[in-house]
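[1] Make a model of this:
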Amino acid sequence: MHWDVVIRNLDYFLLGAWPAGPVGGLLMSVLLALGGIFGAFWVGLVFGLMRLSRNLWVKLPSVIYIEIVRGTPLLLMVFWFYFLAPVVLGKTLPSFQSSLIAFIVFTGAYIAEIVRAGVMALPKGQMEAARGSGLTHVQAMRYVILPQALRNMIPSFVNQFVSLTKDTSLASLIGVNELMLTADQVNNRELTAPMEIFVTVAVLYFVVCYVLTSASRRLERQLARYQARGRR
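    This next block holds a predicted model:
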């Protein structure tokens with residue numbers, strides 16, 4: 001067993017060359033996931049609400065976007081943005097930006113479906129009561145419907161965050177120095193401890209995902225208690 005290889009390179013697994021050099025390793029994976037879920041939330045919120053519209057010209061672009069993206073593998077989308085960006089933009093995007101855009105676009109489609117389902121799960125009387133109080137449709141959606149729906153969507157958002165955290169490993173295929181690529185670099189340099197290195201990578205992913213999943217379960221319990229008090 002060669003666990004000394006893991007111990008010597010643990011800081012590289014966690015942070016890459018930072019602070020003396022570029023960020024990498026687990027920190028890069030987390031940054032990609034955070035940036036991806038933040039951007040995807042706003043993309044998904046807009047397209048999810050567009051899909052709820054009764055106006056065909058508003059709804060149709062959302063349906064096309066969601067169905068195309070959900071029917072496309074994430075790996076292919078990463079390649080699209082990395083290899084097609086120079087053709088469309090006339091310049092090459094850095095691998096980090098390409099992968100981040102791909103994660104935002106891909107995850108945004110799933111967030112859009114979460115938003116749509118969350119709004120539709122609320123009783124129709126909520127909108128009717130809000131409109132009856134004199135609010136416009138937009139005001140009713142902003143002040144009455146979305147606050148309730150978004151609160152119920154939080155566990156689903158966290159689960160999507162967990163999934164995206166694992167999916168960041170695909171960014172290694174276009175040269176982003178996230179956790180999988182740092183592990184591969186160490187393995188190619190040492191050539192003595194592949195099992196120990198990739199077991200360590202699996203444990204690091206598990207720890208991050210377990211923390212997020214535990215947070216999601218805690219939120220679900222808190223929301224259940226909140227809703228139970230609201231019914232009294």
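[2] Can you read off the pLDDT for the residue nearest to the spatial centre of the chain?
    Nearest residue to the geometric centre of the chain (C-alpha atoms, centre = their mean): Ile37, 3.6 Å. We have a pLDDT of 91 for Ile37.
[3] Was I right to think it contacts Phe161?
    Yes: look at Ile37 against Phe161 with C-beta atoms under 8 Å: they come within range, at 4.8 Å. C-beta coordinates here come from the backbone N, C-alpha and C atoms, glycine included.
[4] pLDDT below threshold where in this structure?
    For the chain, the stretches flagged by pLDDT under 70 are 224, 226-232.
[5] Remind me what the lengthiest helix in the chain packs against, helices and strands.
    Taking DSSP state H as the criterion, the chain has its longest helix at helix 194-231. Here helix 194-231 touches helix 3-8, helix 10-15, helix 25-52, helix 146-167, helix 179-190, going by 3 or more C-beta pairs under 8 Å, 6 or more residues apart in numbering; DSSP states H and E.
[6] now do 6 Å
    Here helix 194-231 touches helix 3-8, helix 146-167, helix 179-190, going by 3 or more C-beta pairs under 6 Å, 6 or more residues apart in numbering; DSSP states H and E.
[7] Now it: buried residues?
    194, 196-197, 200-201, 204-205, 208, 212-213, 216 (16 or more other C-beta atoms under 10 Å).
[8] so which of those residues comes closest to Ser95?
    When those are ranked by distance to Ser95 (C-beta to C-beta), Val201 comes first, at 19.5 Å.
[9] from what I can see the closest one touches Ala183, true?
    Yes: counting by C-beta atoms under 6 Å, Val201 does reach Ala183; the two are 4.6 Å apart.
[10] do you know how far Val115 is from Ala40?
    The gap separating Val115 from Ala40 is 11 Å, by C-beta to C-beta, to the nearest Å.
[11] What count of nearby residues applies to Gly71?
    Number of residues near Gly71 (other C-beta atoms under 10 Å) recorded here: 8.
[12] The one 10 residues further on now?
    Using other C-beta under 10 Å, Phe81 has 22 neighbouring residues.
[13] Would you mind measuring from it to Pro94?
    11 Å.
[14] can you check Ala202 too?
    For Ala202, the distance to Pro94 (C-beta to C-beta) stands at 28 Å.
[15] What sits closest to Leu212 if chain neighbours are left out?
    In space, and not counting its chain neighbours, Leu212 is closest to Val162: 4.7 Å by C-beta to C-beta, 6 or more residues apart in numbering.
[16] Can I get stretch 28-44 in PDB, CA atoms only?
    This file holds the C-alpha atoms of stretch 28-44, laid out as PDB (Å, rounded to 0.1, in the frame of the first residue of the first chain):
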ATOM      1  CA  MET A  28     -12.100  23.800  -8.500                       C
ATOM      2  CA  SER A  29     -14.900  21.200  -8.600                       C
ATOM      3  CA  VAL A  30     -16.800  23.000  -5.900                       C
ATOM      4  CA  LEU A  31     -16.300  26.400  -7.600                       C
ATOM      5  CA  LEU A  32     -17.600  24.900 -10.900                       C
ATOM      6  CA  ALA A  33     -20.600  23.400  -9.100                       C
ATOM      7  CA  LEU A  34     -21.400  26.700  -7.200                       C
ATOM      8  CA  GLY A  35     -21.100  28.800 -10.400                       C
ATOM      9  CA  GLY A  36     -23.100  26.300 -12.300                       C
ATOM     10  CA  ILE A  37     -26.000  26.000  -9.900                       C
ATOM     11  CA  PHE A  38     -26.100  29.800  -9.400                       C
ATOM     12  CA  GLY A  39     -26.300  30.500 -13.100                       C
ATOM     13  CA  ALA A  40     -28.600  27.600 -13.700                       C
ATOM     14  CA  PHE A  41     -31.100  28.800 -11.100                       C
ATOM     15  CA  TRP A  42     -31.700  32.100 -12.900                       C
ATOM     16  CA  VAL A  43     -31.800  30.400 -16.300                       C
ATOM     17  CA  GLY A  44     -34.100  27.700 -15.000                       C
END
